[in-house]
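Visitor: Sequence and predicted structure are below.
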Amino acid sequence: MTDHDRSAATRLVHIGCAFTYRCEIDTPTVFQVQPGAGRGVRVRNEEWSIRPEAASRHYRDLYGNPCLRVVMPTGRSQLCYDAVAEVPDAVEDADENAAEVPADHLPDDVLHYTLPSRYCLPDLLGDEAWARFGSTPPGYRRVQAICAHVHQHLQFQYGSSTALSTATDVNTSGLGVCRDFTHLAISLCRALNIPARYAFGYLPRMDVCPDPMPMDFAAWMEVWLADRWWTFDPRNNTRRKGRIVIGTGRDAADVAMATTFGGPELLSMAVHADEVPR
């Protein structure tokens, strides 16, 4: 592929975030804001900034997600991440003929994603899942039907859920944010023995209608069909361009953007994911 062809097939996105905290004591913290490798995304020009300066180290968690460990000192602290990502100029793959895999044929490391987890409760939503989708033809179309239902059933509303809200809570209230849409869709998939995992990252507004809301991290799910993971987005219920995965896990508890071992006050958080003209 020539340089011209490569430029035509990809686009550049300026991504990053900034967290500002006030700590009463030195507070160990894990940040998960750096994109993982692969998935057709190339990350370059990465920059980290920690003020005041503090020792830090990188590691990968048990799901292979990149993380940063740092001890925020007493007082005011700020961590910033900034990078440019090269992303395909195409929406995510889709295959309406992708089939569900019987439980006894699932790969060993995928079977885990059919089980209940902190926020995803297929055991409590099993009756509803089978009543709504049991007669839907299995496979990609059934997962898409689940996404369409969740998209229509829940109303997006900031502040409508808390860090304790589970999939059953938001299913009852009918309100939530993108992580809640994702937890409910994952739960319904798992109730039907379809492996589904939580994903979050940067989602630039590329080739979509303008959105007046401030940019934030986004959450969606990946579902195992045939022999691979497929991306589904119950919040937006459409395939998108430029999706950049930071991490995947059983649910949001596994891939929090910041995990603090203490009680610091979050003063501000800002996220950006904007296309860069070539």
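Guide: Thanks, I have it.
Visitor: switch to C-alpha atoms for all contacts and neighbour counts from now on
Guide: OK.
Visitor: This structure - how does it break down into domains?
Guide: 3-89+257-276, 103-246 (automatic domain parsing).
Visitor: Show the average pLDDT along the shortest one.
Guide: Per-residue pLDDT values across domain 3-89+257-276 average out to 92.
Visitor: just to revisit the earlier point, of the domains of the chain, flag the one that's most buried.
Guide: When these are scored by mean count of other Cα atoms under 10 Å, the highest mean neighbour count falls to domain 103-246 (a mean of 19).
Visitor: tell me which element the spatially most central residue of the chain is part of?
Guide: Note on the chain: the residue nearest the mean C-alpha position is Phe200, at 1.4 Å, using Cα atoms, centre = their mean. Using DSSP states H and E, Phe200 sits within strand 196-202.
Visitor: What is that strand packed up against?
Guide: helix 178-191, strand 218-225, strand 244-249 (3 or more Cα pairs under 8 Å, 6 or more residues apart in numbering; DSSP states H and E).
Visitor: Mind checking those for the one nearest to Leu79?
Guide: With Cα to Cα, the closest approach to Leu79 among the helices and strands packed on strand 196-202 belongs to strand 244-249: 16.6 Å.
Visitor: Starting from the closest one, tell me which strands it pairs with and how they run.
Guide: The strands that strand 244-249 pairs with in its sheet are strand 196-202 (antiparallel) (by DSSP bridges).
Visitor: List the contacts of the residue nearest to the centre of the chain.
Guide: By Cα atoms under 8 Å, 6 or more residues apart in numbering, the contact list for Phe200 reads 217-220, 245-248, 255.
Visitor: Looking at the residue lying closest to it once chain neighbours are set aside now. What's its pLDDT?
Guide: Of all residues not flanking Phe200 in the chain, Ala219 sits nearest, at 4.2 Å (Cα to Cα, 6 or more residues apart in numbering). Model confidence at Ala219, given as pLDDT, is 98.
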